[in-house]
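J.: Sequence unavailable; structure follows:
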């Protein structure tokens, strides 16, 4: 698994098995060996969570930090959809089939898919990622990375080997190998790299020609980039969409798998009865149809991203990537910046083994913007 | 799979793959052949749902029925827990680890388990049933039935053969066969049969002695019967618990797997990050700690079950089983009674292929009780 720098870089990135209370890193020895000039971040920061969020857990280690804590560690829209909460009474019965069907109708329309039969709803796109090895029969997964670690974890947990590529051309060359599933996150997390729908559709064609599959995780595609979902139904293409990030309601747990009908049907069969909660159905049916809100939210997020870029620039950092819900900053001082911001009550995303990067999400409200700006200015002043 | 009457009886009971909009019955030919004296229920009632609920879908076929419809087709407590709904703001972030941990602490206490490390939380116990074939390595599942069809479906979907037994002794004799997982629902749905914790613990011992497992689905154990959970941690025992039925909030989607720590850990790994919604966490943390409510709800449900038994008795039916959230009625006129009640706007649970049985849940509120009593009296008058 180890080998080239690139490979190590990616391996240790975010892929850790979630071990409940204790987080276990694979390959710690390799990190130490190959990054002997890097701080041993897992030892120095044993409390770094597997994913973004977990702000309370992180901030337990910064007792003097001002409150309320500001969470910039995720790519979740801080301007949540103004959901009308369903009544308690609506939760006193099992979701009805026509409600689940209507959620899929709303999702098909929102994601420009011709037929709701191509859609399967799940309790968060992470749950659908975990299910992929049971839906798609493959001997190996080829993942374009560095990216969201949930994909690698899912295939490894199913006992299926994973190869990772940083170059799209290298990934393409694997698409015809027997029993391959290719995985691309687009736009990518954490670097915001975007690929065109045309390029991805061509890769899906290539996969399908050999009976293989391409999974495109479009968790951040609502605001940015081009969706390849319009190429569906396609025998080799599976698209994943996330509800919580765009609509700012990740606690609802809702995501979608969109694919040719037999694959979507298999996902529905495996998910079983009542896969999503009454709240998730209500939220999806309301929000996915509110195209005016989405348009406005996109403009708001774009402006916010530009404002964040400006602040980071003033503090001496350059922003990377096309996603407007987060940005990636490259700096050799990433861990120091992360610690500095934590001490100011602001949690960004630092990656074990990718110690030159910080992912920064959008502040929520003017007070949070002001504190973020102050904290960045303070860093700049201390650094000069 | 077919063969004896018992086998067919059970096979065709509730086990149908959920095929989205259309429900497909396996073995229809066998039913017709062997039940030539039975009405061909699937042909006569093509709209019968796979599980209880789906009242709107059923009642589309009874356009003249009075409203509101009364749903007696499930075993869900009609007196829901008076949940304080969490705020929308609480859903705008991912659930934090300490919240998920505290939910498991509350569940461990509620189910009298020594350590929250033995608990895995999932979005409904159905989702945990679907996951069992990936958690437990087995060559075959031996199920005590007739019972909830989700168990058989889960193992068959994983490509694992299923044998079913109506006699507990026959099931016991399988516990030492290599690669076996035994499955018992206790109290059982739909017949309310209860087995003692002692008998089940002995079966778990027998399973464990051969490296096998016993799964006890205690979906209806909060109000009735003895839980075997106190025998945990046990190397061969897995207990499932359901939140929605007892607390009357199935739309929340929350259930638990309780087992020795390595198995619970594997379940948590496979469920991945953020397995349950912010709403489910809030609901579980509130309700599972409210032991006074539970005690009162149990008394209320017992009284309601006795009242229902009385009504059914007056209409010429005998009730079976120990569960106080539903009762099973045996009558050769089951389909006619079901149709009669549907025409009165009251949906009970009729089983394809088990045409001598009706499962009846508890009415919700005095108006529903009165209409149920009237409808039963009308049946009695027409029948005399």
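T.: That came in fine, so what should we check first? This one's a predicted model, so the numbers in the text were calculated from it and none came from an experiment.
J.: List the residues that contact residue A:257.
T.: Residue A:257 is in contact with A:119-120, A:122, A:128, A:131, A:135, A:238-240, A:263-264, A:267, counting by CB atoms under 8 Å, 6 or more residues apart in numbering or on different chains. The way it works is simple: take the backbone N, C-alpha and C, and place the C-beta from them, glycine included.
J.: longest helix of chain A?
T.: In chain A, taking DSSP state H as the definition, the longest helix is helix A:291-314.
J.: roughly how far out does that helix sit from the chain middle?
T.: Remark: helix A:291-314 is offset 18 Å from the chain centroid, using CA atoms, centre = their mean, to the nearest Å.
J.: does chain B sit close to that helix?
T.: No. Judged by CB under 8 Å from any CB of the partner chain, helix A:291-314 stays clear of chain B, getting no closer than 13.3 Å.
J.: Show residues contacting that helix.
T.: Residues outside helix A:291-314 that contact it (CB under 8 Å, 6+ apart) are A:77-79, A:81-82, A:110, A:222-223, A:246, A:287, A:318-319, A:323-325, A:327, A:329, A:360, A:362-363, A:369, A:372-373, A:376-377, A:380.
J.: Helix or strand next in line after that helix, which one?
T.: Using DSSP states H and E, the helix or strand that follows helix A:291-314 in sequence is strand A:319-320.
J.: can you list contacts of that next one?
T.: Contacts for strand A:319-320 (CB under 8 Å, 6+ apart): A:191-192, A:308-309, A:312-313, A:327-330.
J.: I'd like to know which elements the strand ranked longest in chain A is packed against.
T.: Taking DSSP state E as the criterion, chain A has its longest strand at strand A:354-361. Applying 3 or more CB pairs under 8 Å, 6 or more residues apart in numbering or on different chains; DSSP states H and E, one finds that strand A:354-361 makes contact with strand A:326-330, helix A:334-343, strand A:349-351.
J.: Turn the ones you listed into JSON lines, including distance to residue A:198 and mean pLDDT.
T.: Output for the helices and strands packed on strand A:354-361, formatted as JSON lines (distance: least, CB to CB, whole Å; pLDDT from 0 to 100):
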{"stretch": "strand A:326-330", "distance to residue A:198": "25", "mean pLDDT": "96"}
{"stretch": "helix A:334-343", "distance to residue A:198": "34", "mean pLDDT": "96"}
{"stretch": "strand A:349-351", "distance to residue A:198": "31", "mean pLDDT": "94"}
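J.: Mind checking the ones you listed for the one nearest to chain B?
T.: Chain B lies closest, by CB to the nearest CB, to one member of the helices and strands packed on strand A:354-361: strand A:349-351, at 12.5 Å.
J.: Can you give the distance of that closest one from its chain's centre?
T.: In terms of CA atoms, centre = their mean, the centre of strand A:349-351 is found 14 Å from the chain centre.
J.: Does anything pack onto that strand? Which helices or strands?
T.: Under the contact definition 3+ CB pairs under 8 Å, 6+ apart, strand A:349-351 sits against helix A:334-343, strand A:354-361.
J.: Just name the most buried of the ones you listed.
T.: Counting by mean count of other CB atoms under 10 Å in any protein chain shown, strand A:354-361 has the highest mean neighbour count of the helices and strands packed on strand A:349-351, with a mean of 22.
J.: avg pLDDT for it?
T.: Taken as a whole, strand A:354-361 has an average pLDDT of 94.
J.: ok, now stretch A:135-150?
T.: When pLDDT is averaged along stretch A:135-150, the result is 96.
J.: list the buried ones in it?
T.: Buried residues in stretch A:135-150, counting neighbours by 16 or more other CB atoms under 10 Å in any protein chain shown, are found at A:135-136, A:138, A:141-150.
J.: Tell me the residue of the stretch 1-150 of chain A that sits nearest chain B?
T.: Nearest to chain B, among the residues of the stretch 1-150 of chain A, is residue A:91, at 3.5 Å (CB to the nearest CB).
J.: ok, that residue - contacts?
T.: Residues in contact with residue A:91 (CB under 8 Å, 6+ apart) are A:277-279, B:80, B:83, B:249-252.
J.: wait, doesn't residue A:250 sit right on residue A:244?
T.: Yes. Assessed by CB atoms under 8 Å, residue A:250 is found in contact with residue A:244 at 3.3 Å.
J.: Give me the common contacts of the two.
T.: A:76, A:124, B:94.
J.: How many residues are close by the second one?
T.: Residue A:124 has 27 neighbours, counted by other CB atoms under 10 Å in any protein chain shown.
J.: Not including adjacent chain positions, what is the nearest residue to it?
T.: residue A:253 (4.2 Å; CB to CB, 6 or more residues apart in numbering or on different chains).
J.: does the one you found really touch residue A:244, like I thought?
T.: Yes. Using CB under 8 Å, residue A:253 is in contact with residue A:244, at 7.2 Å.
J.: anything in contact with each of those two?
T.: Common neighbours of residue A:253 and residue A:244 (CB under 8 Å, 6+ apart) are residue A:124.
J.: rewinding a little: mind checking the SS state of the spatially closest residue to the residue of the stretch 1-150 of chain A closest to chain B that is not a sequence neighbour?
T.: Spatial nearest neighbour of residue A:91, excluding adjacent residues (CB to CB, 6+ apart): residue B:251 at 3.5 Å. Secondary structure, DSSP: H, G, I helix; E, B strand; the rest coil: residue B:251 is helix.
J.: ok, now which ones touch residue B:251?
T.: Residue B:251 touches A:90-95, A:277-279, B:244, counting by CB under 8 Å, 6+ apart.
J.: In helices, which of the residues you listed appear?
T.: Going by DSSP H, the helices hold A:278-279 from those.
J.: Go through the contacts of residue B:251 and name the one nearest residue B:46.
T.: residue A:94 (20.7 Å; CB to CB).
J.: per-residue pLDDT, the residue nearest to that closest one when sequence neighbours are not counted?
T.: Excluding its sequence neighbours, the residue lying closest to residue A:94 (CB to CB, 6+ apart) is residue B:53, at 4.0 Å. On the pLDDT scale, residue B:53 is placed at 83.
J.: For residue B:53, give its distance to residue B:75.
T.: According to CB to CB, to the nearest Å, residue B:53 stands 10 Å off from residue B:75.
J.: Those two: who's more crowded?
T.: Neighbours per residue (other CB under 10 Å) separate residue B:53 from residue B:75, with residue B:75 holding more: 27 against 23.
J.: Doesn't the more buried one lie inside a strand?
T.: No. Residue B:75: not assigned to a strand; according to three-state DSSP it is coil.
J.: and the angle from the longest strand of chain A to strand A:326-330?
T.: Note on geometry: by axes from the mean of the first three to the mean of the last three CA atoms, to 10 degrees, strand A:354-361 and strand A:326-330 are set 150 degrees apart in direction.
J.: coming back round to it: any chance of the contacts of residue B:251 in TSV, plus pLDDT and distance to residue B:302?
T.: Shown next, in TSV, are the contacts of residue B:251 (pLDDT from 0 to 100; distance: CB to CB, whole Å):
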residue	pLDDT	distance to residue B:302
A:90	94	27
A:91	97	24
A:92	96	20
A:93	93	22
A:94	93	23
A:95	93	28
A:277	98	29
A:278	97	27
A:279	98	31
B:244	98	20
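J.: Quick check: ChimeraX command selecting the buried ones in the contacts of residue B:251.
T.: Buried members of those, defined by 16+ other CB under 10 Å, are picked up in ChimeraX with:
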select /A:91,92,93,94,95,277,278,279 /B:244
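J.: Quickly name whichever of the contacts of residue B:251 is closest to residue A:352.
T.: Taking those together and measuring to residue A:352 by CB to CB, the closest member is residue A:277, at 32.9 Å.
J.: Would you mind measuring from that closest one to chain B?
T.: Using CB to the nearest CB, to the nearest Å, residue A:277 is found at 4 Å from chain B.
J.: in stretch A:45-55, what counts as buried?
T.: Under the neighbour-count criterion of 16+ other CB under 10 Å, stretch A:45-55 has A:45, A:48-55 buried.
J.: coming back round to it: which among the contacts of helix A:291-314 end up buried?
T.: Among the contacts of helix A:291-314, the ones that count as buried by 16+ other CB under 10 Å are A:77-79, A:81, A:110, A:222-223, A:246, A:287, A:319, A:323-325, A:327, A:329, A:360, A:362-363, A:369, A:372-373, A:376.
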